[in-house]
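Peer 1: Sequence and predicted structure, then a few things I'm wondering about:
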Amino acid sequence: MTALLELRDVTVEKDGKVLLEAVSLEVEQGTLHVLAGPNGAGKSTLISTILGRTDFTGSIRFHFRGSGRIGYEPQRFVVDRTLPLTVAEFLALSRRRRPVCLGIGKSARQDAEALLGRVSLPGFGPRALNALSGGELQRVLLANALDPLPELLLLDEPASGLDETAAQSFENILVGLRRATTVLMVSHDPLQARRIADRITLLDRTVRSSSAPEAAP
Amino acid sequence: MIDFYAWLAGLAARGAIPQVFQYAFFVRGLLSVLLLAPLLGGLSHLVVARRLAFFSSALGQAALTGLTIGIVLGEPINSAYVGIFSFCFISALAMVWVKRRASLPSDTLVGVFLSLTLGLGICLLVAVTKRFNIHQVEAVMFGSLLTVTDLDLMVLLVAGVAVGLVLAFRYNALLLDSLDPALAGVSGVRTAFIEYLFVVLLTAAIVVSLKIIGAFLVEAMVVVPAAAARNLARGTRSYLLWSVLTAFIAGVAGLFISSRFLVPTGGAVVLALSLLFFVTLAFGGLRKRFA
């Protein structure tokens, strides 16, 4: 297998504090790679660095062979409680040129429903984004990240706050993506990581270990 | 335009339309409101979504400083556009530049800039009032119909069309970026560019609105329409429509109040806006209760 994502000696410092130190990591193509570690270990910082939103030293290389598209689901997505935005409008924001404030057409609504069907949320298009539960919002964000299918999918604690049923549904979606795309996912749940990961990297400011799930500490 | 004003004055004299239309300054004011409502009302819902209310207030204050700089440099007091535009754009871009690099909260940084520009403005104002009566600056501070010219209307029209066109092309990116810049980034939005672009649009809209609304009150016109609209809207389209409608109703009401009671236009518009906000708040509350 070849690496789709390759990090070499990635170091991040902010206000004199080292957040990541000489992180070297390879994410193989078509695998589901889990980043684990304690709170404050730098997992979200690493995702932010890969996204190009945090300054770093070292090197990050992508070996894309197709679209080169990155999908991303943030750890926290705070929706303004008074912003009148529907789920279908939210999904149209990154997919349609026509301003959503002029209304979304039938095809945009149909596309949104098809996307929502993939994450078991049929009929959620007209609902207000700010009225969704945490689990529903996470699945909407996953639907947003999955279309068009990215070559690299970055998920920052996507299952946090999900109930058991929603977490299982989420896992099924991820397992269904295996081989179709490459996934790098931050997870706090070691059992979930062992169930679904091809590889688990333990991060605590630097890489402590990186192994197959059965060999993970 | 003179023929148009004369035609309306003729209609008013015959009693076909209200008497107030015989005054060209009132017609100019009404035209200003017709242009301002979609411009500021349309921008306002993005201002609120991007949490730029305080930033807009700082821009209004910067405009006052820009005016005094323009006057010091020899511009006419009624159309110191170069001074106002230049200083507001420099201030706006500097605020964003520093905000993107500093770790301080953005409202703290805006507060620092607001203090700086206001301090500079007050010092310059003292210098300027040696050459002018301070009351001549009141039009920019509080808004006045009497000083609106056909050139101002033309500037407002051009700015409105330009801002509207750019918004139409970049609206989705602007809204997505205001929700989550990282998410916008992976969707191909150049987030830094979009942030600078929006403050440039906002600055242009605020500057061309100053003569009608006033530097101290322009913030209300880019915040309250959206706040009122949020009490009623259930989707982005109705959010935009209610914002524009609120701005329009408040603008027209403020215009009539201003000409009837001889109070500054900006103050009258803001009073009408505030009233509309509380009406929509009550209506929204009732709708939730009986839903």
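Peer 2: Alright, I've got the coordinates. These numbers come from a predicted model, not from an experiment. Residues are numbered from 1 along each chain as shown, chains lettered A, B, ... in the order given.

Peer 1: okay, now the domains of chain A?
Peer 2: Following automatic domain parsing, one finds the domains of chain A at A:1-69+A:149-217, A:79-147.

Peer 1: What are the contacting residues of the helix or strand of chain A with the lowest mean pLDDT?
Peer 2: Of all helical and strand segments in chain A, the minimum by mean pLDDT, DSSP states H and E falls on helix A:164-177, at a mean of 81. Residues outside helix A:164-177 that contact it (C-beta atoms under 8 Å, 6 or more residues apart in numbering or on different chains): A:32, A:118-120, A:135, A:138-139, A:142, A:146, A:153, A:158-159, A:162, A:183, A:185, A:192, A:195-196. Placement of C-beta: from N, CA and C, glycine included.

Peer 1: of those, buried ones?
Peer 2: Buried by 16 or more other C-beta atoms under 10 Å in any protein chain shown: A:32, A:119-120, A:135, A:138-139, A:142, A:146, A:153, A:158-159, A:162, A:183, A:185, A:192, A:196, out of those.

Peer 1: how many other residues sit next to residue 189?
Peer 2: All of this refers to chain A. By other C-beta atoms under 10 Å in any protein chain shown, the residues close to A:Asp189 number 17.

Peer 1: that's the other chain; I wanted chain B
Peer 2: Counted with other C-beta under 10 Å, residues neighbouring B:Val189 total 20.

Peer 1: How much space separates the residue sitting furthest away from the middle of chain A from chain B?
Peer 2: Taking C-alpha atoms, centre = their mean, the residue of chain A most remote from its mean C-alpha position is A:Leu102, at 29.8 Å. Look at A:Leu102 and chain B: by C-beta to the nearest C-beta, to the nearest Å, they are 6 Å apart.

Peer 1: follow-up on the earlier one: wait, which of the domains of chain A is closest to B:Val148?
Peer 2: Of all these, the one in closest proximity to B:Val148, counting by C-beta to C-beta, is domain A:79-147 (28.9 Å).

Peer 1: what's the average pLDDT for the host helix or strand of B:Ser178?
Peer 2: According to DSSP states H and E, B:Ser178 maps onto helix B:150-179. Mean pLDDT, computed over helix B:150-179, is 91.

Peer 1: And it, what does it pack against?
Peer 2: Helix B:150-179 sits against helix A:87-93, helix B:24-36, helix B:42-49, helix B:181-186, helix B:191-213, with contacts defined as 3 or more C-beta pairs under 8 Å, 6 or more residues apart in numbering or on different chains; DSSP states H and E.

Peer 1: any bit of the third one sitting next to chain A?
Peer 2: Read it as helix B:42-49. Yes: Helix B:42-49 reaches chain A (C-beta under 8 Å from any C-beta of the partner chain) through B:45, B:49.

Peer 1: can you give me the angle that helix makes with helix B:191-213?
Peer 2: Here the directions of helix B:42-49 and helix B:191-213 differ by 120 degrees (axes from the mean of the first three to the mean of the last three C-alpha atoms, to 10 degrees).

Peer 1: which helices and strands sit right next to helix B:42-49?
Peer 2: Packing contacts for helix B:42-49, counted by 3+ C-beta pairs under 8 Å, 6+ apart, involve helix B:150-179, helix B:191-213, helix B:218-230, helix B:236-261.

Peer 1: for the ones you listed, which one ends up most surrounded?
Peer 2: Neighbour counts (mean count of other C-beta atoms under 10 Å in any protein chain shown) averaged over each of these peak at helix B:218-230, with a mean of 27.

Peer 1: State the mean pLDDT of that helix.
Peer 2: Mean pLDDT, helix B:218-230: 90.

Peer 1: what angle separates the helix holding B:Ser178 from helix B:236-261?
Peer 2: 140 degrees.

Peer 1: centre of the chain versus helix B:150-179, how much separation?
Peer 2: Here helix B:150-179 is found 12 Å from its chain centre; the criterion is C-alpha atoms, centre = their mean, to the nearest Å.

Peer 1: quick one, it and helix B:24-36 angle?
Peer 2: Using the same axes, to 10 degrees: helix B:150-179 against helix B:24-36 is 20 degrees.

Peer 1: before we move on, back to that, to A:Asp9, which of the helices and strands packed on helix B:42-49 lies closest?
Peer 2: With respect to A:Asp9, and counting by C-beta to C-beta, the nearest of the helices and strands packed on helix B:42-49 is helix B:191-213 at 26.6 Å.

Peer 1: Kindly compare burial across the domains of chain A and name the winner.
Peer 2: domain A:79-147 (a mean of 19).

Peer 1: and that domain, what's its mean pLDDT?
Peer 2: 89.

Peer 1: Could you give the separation between the terminal residues of that domain?
Peer 2: By C-alpha to C-alpha, to the nearest Å, the extent of domain A:79-147 from end to end equals 21 Å.

Peer 1: Quick check: residues of chain A near chain B?
Peer 2: Chain A comes close to chain B at residues A:14-15, A:48, A:51-53, A:70-72, A:74, A:77, A:79-80, A:82-86, A:89-90, A:92-94, A:96-97, A:99-103, A:128, A:141, A:144-145, A:154, as judged by C-beta under 8 Å from any C-beta.

Peer 1: Is residue 84 within a helix or a strand, and which one?
Peer 2: Since no chain was named, I'll use chain A. A:Pro84 belongs to no helix or strand, assigned by DSSP H and E.

Peer 1: Oops, wrong one, chain B.
Peer 2: Going by DSSP H and E, B:Ile84 is in helix B:81-101.

Peer 1: So which residue is dead centre in chain A?
Peer 2: A:Leu155 (1.8 Å).

Peer 1: Distance of that one relative to chain B?
Peer 2: In terms of C-beta to the nearest C-beta, A:Leu155 sits 12 Å off from chain B.

Peer 1: tell me the secondary structure for that residue?
Peer 2: strand (DSSP: H, G, I helix; E, B strand; the rest coil).

Peer 1: The residue nearest to it when sequence neighbours are not counted pairs with what?
Peer 2: Computed as C-beta to C-beta, 6 or more residues apart in numbering or on different chains, the closest residue to A:Leu155 that is not its neighbour in sequence is A:Met185, at 4.1 Å. Beta-bridge pairing of A:Met185 under DSSP bridges involves A:Val34, A:Leu155.

Peer 1: For A:Met185, which residues are in contact?
Peer 2: A:32-35, A:153-156, A:158, A:174, A:197.

Peer 1: State the distance from it to A:Ala193.
Peer 2: Using C-beta to C-beta, to the nearest Å, A:Met185 is found at 8 Å from A:Ala193.

Peer 1: any residues in contact with both of those two?
Peer 2: A:Val34.

Peer 1: My read is that B:Asp180 contacts A:Pro74, right?
Peer 2: Yes: checked against C-beta atoms under 8 Å, the pair B:Asp180 and A:Pro74 is within contact range at 5.9 Å.

Peer 1: Can you name the residue of the stretch 1-150 of chain B nearest to chain A?
Peer 2: B:Ala49 (6.2 Å; C-beta to the nearest C-beta).

Peer 1: which residues touch the nearest residue to that residue once chain neighbours are set aside?
Peer 2: Nearest residue to B:Ala49 in three dimensions, chain neighbours excluded: B:Ser178, at 4.5 Å (C-beta to C-beta, 6+ apart). Taking C-beta under 8 Å, 6+ apart, we find B:Ser178 in contact with B:46, B:49-51.

Peer 1: quick one: B:Ser178 from A:Leu83, how far?
Peer 2: Distance from B:Ser178 to A:Leu83, by C-beta to C-beta: 9 Å.
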